[in-house]
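Asker: Have a look at this prediction, sequence included:
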Amino acid sequence: TRYSLQSRGLGDVYKRQLIADPDVDVVVELIGGVDTALSLVRGALEAGKSVVTANKALLALHGNELSELARRQDAALCFEAAVAGGIPIIGAINRSLAGNQIRSLAGIINGTGNFILTAMANDGASFVDALAEAQALGYAEADPTFDVEGIDAAHKLTILVALAFGTGYRFEEVYTEGISAVTPEDIEYARQLGYRLKHLGIARLSPDGIEARVHPALVPQGQLLANIDGVMNAVFVNSEAAGDTLYYGAGAGALPTASAVVGDIMDVAMGGGRPQGGRPPGDVGGDRLDLLPIERARCGYFLKIPALDVPGVFARIATILRDHGISIEAVIQHEHALHQERRVASGEAHDRQAAQGALDLANRAGQLLQVARCVVRPLLEDLEAAEQDGRRVPPHHPDHLAQGRGQGVVGEPLALGRAVRVVAALDPAHHG
């Protein structure tokens with residue numbers, strides 16, 4: 001307690017004194033921001049002192065340098081509080097799952113965004129009204145950009161990917177999309193199709209590389225992640241030996257964060273966490289794998305298609321999707337307040353670029369679609385099954401409702417990871 005950041009500030013003289021003090025063994029950095037924090041943490045590690053930090057932006061942007069410095073100086077770099085607050089996800093990946101090959105992880109890792117989406121789903125609030133409520137309750141900053149545009153979640157996912165896959169910290173390669181464009185209509189369509197819309201950080205190991213993406217996604221209503229509401233966080237991990245594990249709890253707040261910080265301090269005091277900072281790049285081949293762009297993400301997609309109210313619109317869109325090797329699992333078409341749902345054959349795997357390309361072609365072919373907004377949103381698949389190429393779909397899985405191989409021929413059940421499922425919402429009378 002000799003050095004109080006609140007009472008003395010962080011001038012250069014003060015930092016030099018703190019770093020040079022032989023009685024200081026551990027420096028705890030909780031000041032936020034990047035520049036001042038980087039100077040302090042770098043100096044402490046260079047002096048051989050261990051560091052405990054909750055600074056996710058610092059690690060996402062400078063984690064490679066700081067982790068290497070900690071290893072070189074045999075100092076601990078601990079940051080349990082940097083991801084998901086009081087949830088011990090860092091310790092789980094670094095220690096409890098250290099003997100596993102992690103295949104995938106997906107999580108709600110920003111409480112502000114989850115609160116907003118929960119209010120929109122449960123109360124029918126608009127994004128603007130839900131954000132205002134979050135700010136009034138202290139869950140969102142006056143400038144909420146980092147939270148609602150996915151930057152905060154991307155910082156955290158960068159850390160998790162570095163720990164889980166040994167890629168190093170590569171924030172600039174993580175696809176990042178926020179929730180500011182989500183509408184109550186999107187959430188209602190998802191509900192009618194059997195999904196809830198959640199803002200997720202997703203990472204998945206595939207033969208082509210590693211998917212690392214933050215975006216709104218449709219989660220089947222029966223999955224645990226779909227039922228994480230309010231400001232709570234949760235992270236699902238699938239690993240080779242341990243299988244599926246789920247970590248749930250408070251993702252922010254004074255006491256949960258303090259719990260994680262004090263836990264790191266005690267770990268250092270007991271001789272643990274030296275050095276820490278994730279698997280060294282290349283530990284599991286991560287440095288040799290690409291972080292894939294979103295265009296190469298393979299999963300099912302939700303398409304919201306504002307269409308002109310003319311005969312044959314759906315048939316023409318279905319034909320264009322078919323020609324791109326994309327087929328439809330379910331359709332909601334609102335016309336004169338009537339609701340219809342259809343299920344058709346499912347086809348071979350395609351990526352986001354194929355789905356968007358098909359919509360672009362439909363827009364050019366006869367002006368069938370309103371140009372205003374075509375929404376393409378990923379679906380959260382069964383991540384464990386998606387990792388195992390050729391694995392059969394369980395009998396209860398919705399894909400059994402749509403068997404076939406692209407020509408409408410009924411065949412054996414499709415394997416997740418090789419089949420794309422598209423659910424589409426058509427609004428012929430809507431000009432949204």
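Answerer: Structure's in. What do you need?

Asker: contacting residues around the nearest residue to G48 once chain neighbours are set aside?
Answerer: Among residues not flanking G48 along the chain, Q73 sits closest, at 4.9 Å (CB to CB, 6 or more residues apart in numbering). All C-beta atoms are positioned from the backbone trio N, CA, C, and that covers glycine. Contact analysis of Q73 by CB atoms under 8 Å, 6 or more residues apart in numbering lists L45, E46, A47, G48.

Asker: Can you tell me which of those are buried?
Answerer: Listed as buried from those are L45, A47; burial here means 16 or more other CB atoms under 10 Å.

Asker: Just the closest of the contacts of Q73 to F115, please.
Answerer: If you rank these by distance to F115 using CB to CB, L45 comes first, at 35.4 Å.

Asker: what's the spacing between the closest one and S67?
Answerer: Using CB to CB, to the nearest Å, we find L45 at a distance of 10 Å from S67.

Asker: which regions of the protein sit below the pLDDT cut-off?
Answerer: Counting by pLDDT under 70, the chain has low-confidence residues at 1-11, 13, 272-288, 334-377, 380-432.

Asker: switch the cut-off to 80
Answerer: The model of the chain has pLDDT under 80 over residues 1-15, 272-289, 298-299, 304-314, 324-327, 330, 332-432.

Asker: quick revisit: nearest to T145 among the contacts of Q73?
Answerer: Relative to T145, the closest of those is L45; by CB to CB it sits at 30.1 Å.

Asker: What sits closest to V231 if chain neighbours are left out?
Answerer: Ranked by CB to CB, 6+ apart and with sequence neighbours excluded, the top spatial neighbour of V231 is G111, at 3.6 Å.

Asker: Let me know whether that neighbour touches A252 as I believe.
Answerer: Yes - using CB atoms under 8 Å, G111 makes contact with A252 at a distance of 5.1 Å.

Asker: Can you work out which residues contact both of those two?
Answerer: Common neighbours of G111 and A252 (criterion: CB under 8 Å, 6+ apart): G85, V231, N233.

Asker: picking that back up, give the residues shared as contacts by L45 and S67.
Answerer: Between them, L45 and S67 share these contacting residues under CB under 8 Å, 6+ apart: L77.

Asker: still on that earlier bit, can you list which of the shared contacts of G111 and A252 are found in helices?
Answerer: With helices taken from DSSP state H, there is no overlap with the shared contacts of G111 and A252.

Asker: possible to save those residues as CSV with distance to L321 and neighbour count?
Answerer: Formatted as CSV, the shared contacts of G111 and A252 follow (distance: CB to CB, whole Å; neighbours: other CB atoms under 10 Å):
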residue, distance to L321, neighbour count
G85, 42, 26
V231, 38, 22
N233, 36, 25
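
Asker: ok, so of these, who is nearest P216?
Answerer: N233 (16.2 Å).

Asker: does the closest one really touch I87, like I thought?
Answerer: Yes - counting by CB under 8 Å, I87 is a contact partner of N233 at 5.9 Å.

Asker: ok, and the residue nearest the centre of the chain, which helix or strand is that part of?
Answerer: Taking CA atoms, centre = their mean, the centroid of the chain lies closest to G201, which sits 0.7 Å from it. Using DSSP states H and E, G201 sits within strand 195-206.

Asker: Which strands and helices lie in contact with the next helix-or-strand element following that strand?
Answerer: Next in sequence after strand 195-206, counting helices and strands by DSSP H and E, comes strand 209-220. If you count contacts as 3 or more CB pairs under 8 Å, 6 or more residues apart in numbering; DSSP states H and E, strand 209-220 packs onto helix 151-165, strand 175-176, strand 195-206, strand 291-292, strand 375-378.

Asker: Mind listing the strands the fourth one pairs with, and their directions?
Answerer: Sheet pairing here is set by DSSP bridges, and for strand 291-292 it gives strand 209-220 (parallel).

Asker: Spatially, what comes nearest to Q192 if we skip its sequence neighbours?
Answerer: With sequence-adjacent residues excluded and distances taken as CB to CB, 6+ apart, Q192 is closest to I332, at 5.6 Å.

Asker: give me the number of residues near the one you found?
Answerer: 18 (other CB atoms under 10 Å).

Asker: surely it meets Y189?
Answerer: Yes - counting by CB under 8 Å, I332 does reach Y189; the two are 6.2 Å apart.

Asker: Just tell me which of the helices and strands packed on strand 209-220 ends up closest to I317.
Answerer: Short answer: strand 375-378, nearest of the helices and strands packed on strand 209-220 by CB to CB, at 13.4 Å.
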